[in-house]
Each structure stands twice: as C-alpha cells, then as structure tokens.
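# Only the shape, not the letters, is given here:
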C-alpha cells in the first residue's frame, strides 16, 4: 500500500522546524503535528513534536477538574450536530456506583457527501486521536474504547493499527502509563459500510453485530448504550481537540475562535475551486475567506452559484451569505448548518437539480428503511427529481417535492437522516426555483448534461 | 501505481456468475472465529467481523457460507442474513477478483465523476453490481469516499486512485487486470 502522505495540501501555514513547538501555544493545534512529506503519523514523530503532553497533564488531575475544563472550553461536537461535549459527558454516570464497564467510541465513520476531514486526521495524526481518547477515558473513568472506522479507509486502518501497537509498547516502557493502559483497552472496529452507521445509536447497533437501525431515545447512549452500558460517542475531530485543551488551557482555547464558538476547525472546500483542500482555521472564519482566499476562488470560467456549507445534509447558501462566519449559530441563523465544516461548491455549469438528485439518491440508498418518511419519501423524491431532470417534470411535482420535505421534517422521523437529506432539496427549491421551473418549461435540462438515468451506469 | 498503462484491449463481455457452493469452514476460519467469539462481550457482536473474515478468504458470502457460520456460532441464520444484506461491503453474490468502487458522491460528480463511471460501465460492459464474464472485475460504486479535494476518485484493491479522468480508464483497468496474475477462474 502506498505509504506517502495522502494530502499535499498545505494545511498548516506555520513554519516547519524541528524544535519543540510546545512552549508557545499554537494557533493551529489540530494540525500542529502534521508535517507534509514526513512520516508524522509515527509515535516517534508525535513525541518529538510534543505529543502526549496533554495526557501527561491529565493524569495528574482529578476527573472533576478535567470535566470542568472540557465544559468550560465550550467545545462542541465536530461531527456535525455541534452538541456541547462537556454537557454530553456530564450525562454519563460517574463515581463508585456507576455501571461498569463504560465505553468510549470514536466515530470515524466519515461518509457525509463532501466531508473528508476525518480521513485526513486519521491518516496523519492517529496518535492525536488515541491521546484524546485516553484523556476522555481518564475523565470519565471508562474501561474500553472503540474506534469505529469506515471500512473503506484502508490507509487509516493501517496507520491506526500501527499507532495503537506503538502506544502499547510505549506504555510498557513508561510505568506512569501502566495503570491507565491496564484499565483502558482500545480496539479498532472496521465497519462494513452504510452511512447510517454514523448515527450514534445505529453505530452502537452495528457494534453489537446488528443491522444499523437507529434506536429510540431515551434512553440516551450516555446512560444505556453499547450492550446496555454507559457509552459516549464523539467524532474524530472532537477527540483531537482534547489534548490541546488540557495542555494549553481553557483560556487559550476560548481565545482561538473569532466569534461565539471556541477553538479551531478543519474546514474544507471541494468542487470547481482553484485549490480544493482542507485548512485548520479559527471557528468563525467567514465563508468568503474560505472560498476566495484559501480555496483560491472559483476555477477560471466558472462562477459561484451556491454551496452547501457543511456537507451534503446541509441547506444551500448563496452569494448573499458569503460573509457569514463559519460558526454553529451564525450559519444556523442563515437557515443552514455548520455540519462537518466541509463546503461543497456548486458552480454555474452544473445543474442544481442534478446536484440535488445526486444527494437525494445517496440518502435514499443509505436510508436504513426503519421509518416511512425516509424509506418511502426519499425514493419518491428521487423519482420526481429524475423526472424533472429528464425533462418530463410538471408544475405539481414541485409542490409534491415541497410536501415530501415537510413529511421528513425534524420530529417526524426516527433519526436525523431524512431531515438532513431534505435540507439541500428544500433550500434548492427556494434559491434555485427558476432552474427547477426551466426544466419544466423547456422540457429538458437547460444545463445539457442530464444526470437522469445515470443510476443505470456505475 | 505506474503511470504507464498498457495498450487498450477489450475485456470479454460479462455473464451473471452462477451461485457457487462454498462448502464448510476451514480449520483456519474456525480458529479465527473462536478468537472473535472469545473477545466479544456477547456472541452476536461478532457477526459483522465474522462475515468480513469469511469474505476475506472466500471473496463473497454464499448461502452455504452463511449456513456454516450460523451452525458454528449458533447465531440465528435470519439475523446473519439480515446483517449480511444490510452492509454494502458484504457481498452476497460472487464478485470478480478486483472490485471497482468508483465514488458517486456529489463532490466527485461536480468534477466529472458521472462521466468516469459511464466510461467504466461502457468499457467493461457492466452496470452497477455486475461482474465481468472472466471474473476479473465487479463494479460497485460507493458513496462519498472522503477524498473530495482529489475528485474524482475510485478505490480498487484497497488503493485510492485520485484525480482520475476518463481517458485513463482503459490503461488503469489493464494495469489492474495485469496485477491479478495469469490464472483464470
């Protein structure tokens, strides 16, 4: 297998040197260990750059102290929902009377269309994830950790497995790490596919060897999760933040964000931009800066028509929203979601109906089939969009699509898959209405590259 | 991956492969299943890992395999079938030596992914889910492979091929076919 770094994109703009960077608090903590062109995923490289210092500090603190810091840091889940991590953790029973064993799960089942940040962290800094997991274990007195890894991430699997073996060897050499290593065991579970596994209760069902249907909540996994025991599920990037919060302090972490939210985030841009890639930037970085500065703007000959700010299950935004800061509440106020923070850019040459059709086809395929709005509603929306894209659409189809969006609204479904699935559809109907209507009046796709019928090919 | 691909050579037209009897579990497979069972908090927890394990040695999960697994682990056959048909990396039909997973996510399609998949389909004379008659290739597109900045992409033989274009497809397939070695099924 190719062992070269997978991303040549400069994620960190900071100068590279071999001196320890630990003394000065970094401005880009998540990527500070990543050195393009170097084997930065090894334990030796991680330790040389000041890795595992956060864990070292955490081992000297009480569980209450650690939880207080995580809560005070205002860290919010980086998987898409943005739930405050400290609050989630506070729901887990602690103390002598707490049920045992307690499980921690790293959600590394990245499959959101347009999201590619977790792959980068998994492949480049596996030890940072392990360190974060160990700090969480120390805070919550957990017994077992699972890294739930997407089955298609072969390089990540290889590097994580190696990193875990390196870590265990390292523990044997360091008596101080012995008690933690003896208590907390980490395993890697490679998934067998399906987007729904990213939903935390579906993920737990998959871990138990069942079909990945979501579970009813309550009880929440923090109380009764894997095998009925207290379980915390957090995203890869969330765990990556922990070592730095403990190492450099809450005040430093709070100061990183530009607006309301603290810390930094791995943002990404894909689509017809000059330099698609990933960058670690402060929370609250404006969308315009992401697209125009970091991604280099649109490719020559293309202009920006719209974009999904946080992956495939977020609402479209347009030119008018470019100055919105990328933080949870600001993007929310514009009617969309920060999601995974990976933008998908729609250019003026690509049909918006085709784009929504691609997304709805994905969600219809990935629906677990548990509840009706998702199992039946999404394929129905796919049929209607296919009809529109083929030039056979009628005006009533647009009303029908809007009705399907309402059927799949939050609260009408078992989990968040269907509400997320209709977000790009409902916003496309709002912002690109003229394009939908042109398909009907012209009797064909005005973009002249019909995506209809493509499911017959690969 | 070499950049020099061999000359274009048509690949034989596919036939739907027959269902093959896959027989009993080998001692090695039984040993690996024992290890899984020993590590799992409950036996049912191993079902996905067990199916992946058997698929690794057999290529796919046939009815006989499923039955043998159910008998050996005492897990309900219906539960195993439910799991085997739910996850998209468990194959319940025979697949070719190399499974091609072009990405059909939106970021790839914005960069010409649909054209790439069409070219694959036409070149191999397959639609999604089918296998070539020579059992060399199976075409199973997967959703977003998480490499959107390098679109369009495809996974084959556990390797991610990045920034592909349609013109590369014949040479890439030739190279992948050559990697399979000379013997035929």
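Cool, got the structure. This is a predicted model, so every value here is computed, not measured. Numbers count the residues shown, from 1 in each chain, chains lettered A, B, ... in the order given.

# Okay, the residue lying closest to residue A:297 once chain neighbours are set aside and residue A:285: tell me how far apart.
In this structure, residue A:297 finds its nearest non-sequential neighbour in residue A:274, 5.8 Å apart by CB to CB, 6 or more residues apart in numbering or on different chains. All C-beta spots, glycine's among them, are computed from the backbone N, C-alpha and C. Distance of residue A:274 to residue A:285, given as CB to CB, to the nearest Å: 18 Å.

# Neighbour count: the two, which is higher?
A count of neighbours by other CB atoms under 10 Å in any protein chain shown puts residue A:285 above the other of residue A:274 and residue A:285, at 23 against 14.

# Could you chop chain B up by domain?
With domains defined by automatic domain parsing, chain B comprises B:27-86, B:98-179.

# Pipe those into TSV and attach mean pLDDT, mean neighbour count and distance to residue A:95 per row.
Formatted as TSV, these follow (pLDDT from 0 to 100; neighbours: other CB atoms under 10 Å in any protein chain shown; distance: least, CB to CB, whole Å):
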stretch	mean pLDDT	mean neighbour count	distance to residue A:95
domain B:27-86	94	17	23
domain B:98-179	94	21	39
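
# just the strands in the chain please.
Answering for chain A, as no chain was given. Using DSSP state E, the strands of chain A run over residues A:103-108, A:144-149, A:185-190, A:231-235, A:264-271, A:277-282, A:304-308, A:342-347.

# My question was about chain B, not that one.
Using DSSP E, strands in chain B cover B:98-102, B:137-139, B:154-156, B:159-161.

# other SSEs contacting the third one?
Going back to what we said before, that points to strand B:154-156. strand B:98-102, strand B:159-161 (3 or more CB pairs under 8 Å, 6 or more residues apart in numbering or on different chains; DSSP states H and E).

# which residues sit against the longest one?
Yep, that's strand B:98-102 we're talking about. The contact list for strand B:98-102, computed with CB atoms under 8 Å, 6 or more residues apart in numbering or on different chains, reads A:152, A:458, B:91, B:108, B:113, B:116-117, B:120, B:136-142, B:145, B:152-157, B:176-177, B:179-180.

# Tell me which of these fall in helices.
B:108, B:113, B:116-117, B:120, B:176-177, B:179 (DSSP state H).

# near chain A too, which of those?
Among those, the ones lying near chain A by CB under 8 Å from any CB of the partner chain are B:117, B:120.

# Which of the ones in helices among the contacts of strand B:98-102 sits closest to chain A?
Distance to chain A, by CB to the nearest CB, is smallest for residue B:117 among these, at 3.8 Å.

# Quick check, that closest one in contact with residue B:141.
Yes. With contact defined as CB atoms under 8 Å, residue B:117 and residue B:141 form a contacting pair (6.1 Å).

# ok, back up a step: how much space separates the residue nearest to residue A:297 from residue B:165?
18 Å.

# ok, back up a step: now for the strands of chain B, which one comes closest to residue A:435?
strand B:98-102 (26.8 Å; CB to CB).

# can you tell me which residues contact residue B:43?
B:37, B:73-75.

# Which ones among those map onto helices?
B:37, B:73.

# I'd like the contacts of residue B:43 as TSV, with distance to chain A appended.
Formatted as TSV, those follow (distance: CB to the nearest CB, whole Å):
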residue	distance to chain A
B:37	11
B:73	10
B:74	13
B:75	8
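
# of the contacts of residue B:43, closest to residue A:54?
Out of the contacts of residue B:43, the member with the shortest distance to residue A:54 (by CB to CB) is residue B:37, at 36.7 Å.

# Would you confirm that that closest one contacts residue B:73?
Yes. The criterion here is CB under 8 Å, and residue B:37 meets it with residue B:73 at 6.8 Å.

# Find the residues that touch each one of these two.
With CB under 8 Å, 6+ apart as the test, residue B:37 and residue B:73 both reach B:43, B:46.

# what's the closest non-adjacent residue to the residue located most distally from the centre of chain B?
In chain B, the residue that sits farthest from the middle, by CA atoms, centre = their mean, is residue B:41; the gap is 29.2 Å. Closest residue to residue B:41 apart from its sequence neighbours, by CB to CB, 6+ apart: residue A:227 at 5.3 Å.

# circling back to that earlier point, wait, isn't the residue farthest from the centre of chain B in contact with residue A:229?
No. The criterion here is CB under 8 Å, and residue B:41 misses it with residue A:229 at 9.0 Å.

# Check the gap between residue A:162 and residue A:325 for me.
Taken as CB to CB, the span from residue A:162 to residue A:325 is 38 Å.

# can you check residue A:275 too?
21 Å.

# Which one's more surrounded, the two?
residue A:325 (21 against 15).

# residues in contact with residue A:395?
So residue A:395 contacts A:437, A:440 (CB under 8 Å, 6+ apart).

# repeat for residue A:183
A:137, A:143.

# switch to 6 Å and redo it
Contacts for residue A:183 were tallied using CB atoms under 6 Å, 6 or more residues apart in numbering or on different chains; there are none.

# what's the answer for residue A:203, then?
For residue A:203, counting by CB under 6 Å, 6+ apart, the contacting residues are A:148, A:197.
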